[in-house]
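S.K.: Curious how this folds, go ahead:
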Amino acid sequence: MATHEPLTLALLAGGKSRRMGFPKQLLPVAGGTLIEWLCARLAPKFDELLVCASREALPPALWPNSIPDLRIDAGPLAGIEAALVAASHQATFVLACDMPLVRWPTVLRLLHLSRGHGAAATRIGDLPQPLCAVYRKSVLPSLQHHLETGRRGAVEFLLSLDVVYLEDLEDLELSNINTPAALEALRAHLR
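M.R.: Have a look, this model is predicted:
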């Protein structure tokens, strides 16, 4: 029996990876791909797994969990929209696949903080992290309106919500894998 409210995990894995020069979700990590490693590490703790990317962008084992964006070229907000539409639960933890070191206790804290609000997100200094946050299904109409009016900024959308922040996390937990050097740092951390 779950000790927490049912929770969907939505991994955003459909980005263009311009800085890395290679699809981040397919980066080699721990004998597989980054997305496979992240799913193996986190998914068993959740009630549902969604991977926000087209099937072609993922290893075949993850195809059953793949959900495509509902809008073309709308950035990460399109992935969040697809996740909230597809999610079976009221709460969805959205995580960019290039933030692989987020820990389960952090997810639970965000889930707890999100109760009674539209979202709970991590924040580094003054910078909100919209791709490491719990969103409630109740924000879906606002998100769809945001996208329909041509706005694509994930931070701008997050700031428009009733959101609470979690700010006391170690930088390592929220580090991004955006460059080959960051990938090497992750591999060293896993050794």
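S.K.: Run through the strands of this structure in chain order.
M.R.: 7-12, 28-29, 32-33, 48-52, 66-67, 91-96, 119-124, 127-136, 163-166 (DSSP state E).
S.K.: Tell me what angle the fourth one forms with strand 7-12.
M.R.: Counting by axes from the mean of the first three to the mean of the last three Cα atoms, to 10 degrees, strand 48-52 lies at 20 degrees to strand 7-12.
S.K.: And the contacts of strand 48-52?
M.R.: Outside strand 48-52, the residues within contact range by Cβ atoms under 8 Å, 6 or more residues apart in numbering are 6-14, 35, 39, 43, 58, 62, 65-67, 69, 79-80, 82-83, 86-89, 92. Just so you know, the C-beta spots here come from the backbone N, C-alpha and C atoms, and that holds for glycine as well.
S.K.: one more time with 6 Å
M.R.: Residues external to strand 48-52 that are found in contact with it (Cβ atoms under 6 Å, 6 or more residues apart in numbering): 8-14, 43, 62, 65-67, 79, 82-83, 86, 88.
S.K.: for the first one, same thing?
M.R.: When contacts are defined by Cβ under 6 Å, 6+ apart, strand 7-12 is touched by residues 42-43, 46-52, 76, 79, 83, 87, 89, 91-97, 111.
S.K.: one more time with 8 Å, if that's ok
M.R.: 35, 38-39, 42-43, 45-53, 76, 79-80, 83, 87-89, 91-97, 107, 111, 131, 134.
S.K.: cool, the second one as well?
M.R.: Contacts made with strand 28-29 from outside it, assessed by Cβ under 8 Å, 6+ apart, are listed as 34, 37, 100, 183, 186-187, 190.
S.K.: Equivalent analysis for the longest one, please.
M.R.: Counting contacts by Cβ under 8 Å, 6+ apart, the residues outside strand 127-136 that touch it are 7, 12, 76, 80, 83-84, 90-96, 99, 102, 107, 110-111, 113-114, 117-123, 154-155, 157-159, 163, 165, 174.
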